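**Q** Okay, predicted coordinates and the sequence, questions at the end:
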2 protein chains.
Amino acid sequence: MNNFHFYSPTHFVFGEKTEQEAGSWIKRLGGRRVLIHYGSGSVVRSGLLDRIKASLDAETISYVLLGGAQPNPRAGLIYEGIDLCRKESVDFVLAVGGGSTIDSAKAIALGVPYDGDFWDFYREDIPVEQSLPVGVVLTIAAAGSEGSANTVVTHEKGMLKRAAGGDCLRPRFSILNPELTFTLPAYQTACGATDIMVHLMERYFTNTEEVEMSSRLCEGLLLTMIKEVPRVLENPTHYGARANIMWTGAVAHTNLCGVGREQDWASHNMEHELSGLYDCAHGAGLAVIVPAWMSYVYKHDINQFARFAVNVWGCTLDESNPEATALEGIRKTKAFFSAIGMPTSFAEIGAKEEDIPFLVKMSLTETGGREALGRFVPLYAKDIEAVYRLAL
Amino acid sequence: MNNFHFYSPTHFVFGEKTEQEAGSWIKRLGGRRVLIHYGSGSVVRSGLLDRIKASLDAETISYVLLGGAQPNPRAGLIYEGIDLCRKESVDFVLAVGGGSTIDSAKAIALGVPYDGDFWDFYREDIPVEQSLPVGVVLTIAAAGSEGSANTVVTHEKGMLKRAAGGDCLRPRFSILNPELTFTLPAYQTACGATDIMVHLMERYFTNTEEVEMSSRLCEGLLLTMIKEVPRVLENPTHYGARANIMWTGAVAHTNLCGVGREQDWASHNMEHELSGLYDCAHGAGLAVIVPAWMSYVYKHDINQFARFAVNVWGCTLDESNPEATALEGIRKTKAFFSAIGMPTSFAEIGAKEEDIPFLVKMSLTETGGREALGRFVPLYAKDIEAVYRLAL
């Protein structure tokens, strides 16, 4: 186990009707004037925005509104949000939505007290140490931004998608009401579930020795998803199943399951280029990439993949041929994604073989100068190309 | 799943040599004058106290010392600590030791800013809202106080053992260096491990439905202990095994594994009377009580105990007779405790059958006026007596 620092100071407020507590949490945490940042019209149409306004009104907390956050949140709206916060003397940012809205809210919160261009934190490796406090009312179980220190933003200039992170960006509170996810369509539910599962897999496959505890946590959370996702697709208003998925999604990305171990993240890097170029959902792109990645790297540690097959997918270990078990686990991973309605090939997301050289080149721009993606197995250009080809 | 609030803001600083960071963490968190509170001479003899002093000196943080915290920490030393902190204008309390030292330090931190008697918080149900900040350098993986909001203290007057708790008592940082546990004798190691495992079991057995996620977390952490404890008893300086146990112990008691579900805690209540009367180690008392408790209550939910047997102990489910599987899991629990050197009967801890009526009476004084212990199955006086008898 590697040395580590684990810190997750978010107040997670979980359960039915908890969005009604937004105002009291902001008050308790010292907010007086709030930017309510949200994405699509569903937050308005469902009445959620009105309920949150009422909750703030009840505490005599004033607010300004900024809607329009979109998937792969854009810098343009963030500049607008920063200006609005400064003009209106906002001291607390409340994100109402999913990962993109939260990431956009974090970027705004980061930019307000900073004299320069907020994009500096994404473009360069500047320490993130100061921001407005951020709160969250979550509407989609997926990205885990409600419990993480990170934010990913796309700049219109060059369509660069970049990340920044620092503990001040961890939400002060995150309100998680599973009921708010009841109306999520099956496809988006499955995309979110895939993202959650891959957050665990990126941490699970590691070269670090003596990490039994976090391996067991990853396995336990994956088993939870394998049980609960089909139940939710069968019955979208199943509170218990929605609740288990929502809480798993938050815990999966606080990094509890990743501390003390090298993590991979090559699949995320490679997927970013797919969703960037073809505008597919992030979870859908992951479902295409991950089984291909597994097929390419499993020989690097057959025992780890065999363990994954046994402990996560319930395969029986073939002691005379653990490779067969490892391969069975990869097949089951792909079959699960497919069964919950995810694409598992390039064609299904409209991706094209001829774009592969471009995808390879772009994926390597995300490494901050390193020549390879991933840490479980470093993938150089030829390896990345091979993984994309396996995903055809 | 029940509605819940989860909050664990502790900075966990984990790994080799991390005690050297004590001074920089206190400085970062605003401490200027520290009470270093510790227990036995081993903290002195091992040189740990000197290393911590040097770490504070390096940051020019001044300190006063208070040793002598003992198992089942006593109010007398806490009054002394409160006086010392006030006299010396201490603004940060650093506990160096195990659960008892941490609980004692929390009580001191709670008492300093309070005008009345600190015992008020333990005797009555007064909200715990203000204390000095507490930091921890942990030397024993066991009680989980390094990640919890709670403190348990024994008052010499009537030898009452009582708990208090509040988020302000969660340690601001907890330094966890597995090397500091290398010299722990096998018996104490096993007592600590038992306590950790029972913290998980008290949460695992629940009547709350739809709690798959936290059930999986409990199972995963129990599996970790089942793997690692025998390795550490075999090789006390096995860093990886000590590390997995130490981190499991902290996470097991942040309440991540217990939120959203009713928890039991009857075994802890019943054990407190054993360690109170016979001065046995808490973990040893738990090893005696828990298998007896399981044998008494398993019929209340045979499927839950069968699941425990399968997922934690690797038993094969007997579908035609799940009760047989449940019983096999209880046998394996007891056998594990026994194999790691724990007592599993009254006789082994010097407990006496004729004391049972007194133990029953005393255990019910811990309920705050309720007539029963436990929530998975409420145990009334006759039930408590039956469990104690099963433990004979």
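**A** Everything's here; your move. Numbers count the residues shown, from 1 in each chain, chains lettered A, B, ... in the order given.
**Q** In chain A, where's the longest strand?
**A** In chain A, assigned by DSSP state E, the strand with the most residues is strand A:4-14.
**Q** Just give me how far that strand sits from the chain centre.
**A** The chain centroid and the centroid of strand A:4-14 are separated by 16 Å under CA atoms, centre = their mean, to the nearest Å.
**Q** As CSV, could you dump the C-alpha coordinates of it?
**A** Only the C-alpha atoms of strand A:4-14 are listed here, as CSV (Å, rounded to 0.1, in the frame of the first residue of the first chain):
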residue,chain,number,x,y,z
PHE,A,4,-1.8,8.5,1.0
HIS,A,5,-3.9,11.4,2.2
PHE,A,6,-7.7,10.8,2.2
TYR,A,7,-10.0,13.7,2.8
SER,A,8,-13.7,13.8,2.0
PRO,A,9,-15.3,16.5,4.1
THR,A,10,-18.6,16.7,2.2
HIS,A,11,-21.8,16.6,4.2
PHE,A,12,-23.8,13.9,2.3
VAL,A,13,-27.5,14.5,2.9
PHE,A,14,-29.2,11.4,1.6
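**Q** Contacts for it, please.
**A** With contact meaning CB atoms under 8 Å, 6 or more residues apart in numbering or on different chains, strand A:4-14 is reached by A:21, A:25, A:146-147, A:167, A:170-177, A:243, A:246-247, A:250, A:254-256, A:259-260, B:1, B:3-15, B:259-260. Glycine gets a C-beta too; all of them are placed from N, C-alpha and C.
**Q** How about A:K53: what's its closest non-neighbour residue?
**A** In space, and not counting its chain neighbours, A:K53 is closest to A:Y63: 7.1 Å by CB to CB, 6 or more residues apart in numbering or on different chains.
**Q** do the same with A:G192
**A** If you skip the residues right next to it in sequence, A:G192 has A:A142 as its closest partner in space, 3.1 Å away by CB to CB, 6+ apart.
**Q** do the same with A:I330
**A** The shortest distance from A:I330 to any residue that is not its chain neighbour, by CB to CB, 6+ apart, is 4.5 Å, and that residue is A:M294.
**Q** does chain B sit close to whichever strand or helix holds A:I175?
**A** With elements delineated by DSSP states H and E, A:I175 resides in strand A:173-176, which encompasses its position. No. For strand A:173-176, no contact with chain B is found by CB under 8 Å from any CB of the partner chain; the gap never falls below 9.0 Å.
**Q** Beyond that strand, next helix or strand please.
**A** Taking DSSP H and E as the definition, the helix or strand right after strand A:173-176 is helix A:186-204.
**Q** Counting neighbours, which of the contacts of strand A:4-14 end up buried?
**A** Applying 16 or more other CB atoms under 10 Å in any protein chain shown to the contacts of strand A:4-14, the neighbour count classes A:21, A:25, A:146-147, A:170-177, A:243, A:246-247, A:250, A:254-256, A:259-260, B:1, B:4-8, B:10-15, B:259-260 as buried.
**Q** hang on, isn't A:S55 packed against A:S24?
**A** Yes. With contact defined as CB atoms under 8 Å, A:S55 and A:S24 form a contacting pair (7.4 Å).
**Q** Looking at those two, which one has more neighbours?
**A** Between A:S55 and A:S24, counted using other CB atoms under 10 Å in any protein chain shown, A:S55 has the larger neighbour count: 20 against 16.
**Q** How about the contacts made by the more buried one?
**A** A:S55 makes contacts with A:E19, A:Q20, A:E21, A:A22, A:G23, A:S24, as judged by CB under 8 Å, 6+ apart.
**Q** go with 10 Å
**A** For A:S55, the set of contacting residues under the criterion of CB atoms under 10 Å, 6 or more residues apart in numbering or on different chains consists of A:E19, A:Q20, A:E21, A:A22, A:G23, A:S24, A:W25, A:I26, A:I61, A:V137, A:I175.
**Q** per-residue confidence at it?
**A** The confidence metric pLDDT takes the value 98 at A:S55.
**Q** what about it, which helix or strand?
**A** Applying DSSP H and E as the criterion places A:S55 in helix A:48-58.
**Q** chain center to that helix, what's the gap?
**A** Helix A:48-58 sits 27 Å away from the centroid of its parent chain (CA atoms, centre = their mean).
**Q** Remind me what the following helix or strand past it packs against, helices and strands.
**A** Sequence-wise, the next helix or strand beyond helix A:48-58 is strand A:62-66, with elements assigned using DSSP H and E. Counting contacts by 3 or more CB pairs under 10 Å, 6 or more residues apart in numbering or on different chains; DSSP states H and E, the secondary-structure elements packed against strand A:62-66 are strand A:33-38, helix A:48-58, helix A:75-87, strand A:92-97, helix A:99-111.
**Q** Mind putting these into CSV with distance to B:I226?
**A** Shown next, in CSV, are those (distance: least, CB to CB, whole Å):
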stretch, distance to B:I226
strand A:33-38, 46
helix A:48-58, 45
helix A:75-87, 49
strand A:92-97, 41
helix A:99-111, 36
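**Q** domain parsing for chain A?
**A** Domain ranges of chain A: A:11-180, A:189-390, per automatic domain parsing.
**Q** Kindly reformat those domains as a markdown table containing distance to B:G97.
**A** Putting the domains of chain A into a markdown table (distance: least, CB to CB, whole Å) gives the following:
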| stretch | distance to B:G97 |
| --- | --- |
| domain A:11-180 | 28 |
| domain A:189-390 | 23 |
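**Q** excluding its backbone neighbours, what's nearest the most centrally placed residue in chain A?
**A** Centroid-nearest residue in chain A, with CA atoms, centre = their mean: A:A143, separated by 2.3 Å. Sequence neighbours aside, A:G99 is the residue nearest to A:A143 in space, at 2.5 Å (criterion: CB to CB, 6+ apart).
**Q** list the contacts for the one you found?
**A** By CB under 10 Å, 6+ apart, A:G99 lies in contact with A:71, A:73, A:138, A:140-146, A:148, A:150-152, A:192, A:195, A:249, A:253, A:282.
**Q** Report pLDDT for the closest residue in space to A:T208 that isn't next to it in sequence.
**A** Closest residue to A:T208 apart from its sequence neighbours, by CB to CB, 6+ apart: A:R261 at 4.0 Å. In this prediction, A:R261 carries a pLDDT score of 98.
**Q** now A:R261: how far from A:G147?
**A** Here the distance between A:R261 and A:G147 works out to 18 Å (CB to CB, to the nearest Å).
**Q** OK, contacts around the spatially closest residue to A:A186 that is not a sequence neighbour?
**A** Computed as CB to CB, 6+ apart, the closest residue to A:A186 that is not its neighbour in sequence is A:L233, at 5.4 Å. Neighbour list for A:L233: A:A186, A:Y187, A:T189, A:A190, A:A193, A:A241, A:A339, A:I340, A:G341 [criterion: CB under 10 Å, 6+ apart].
**Q** Also A:T151?
**A** With contacts defined as CB under 10 Å, 6+ apart, A:T151 is in contact with A:73, A:78, A:99-100, A:102-110, A:121-122, A:128, A:131, A:134, A:145, A:162-166, A:169.
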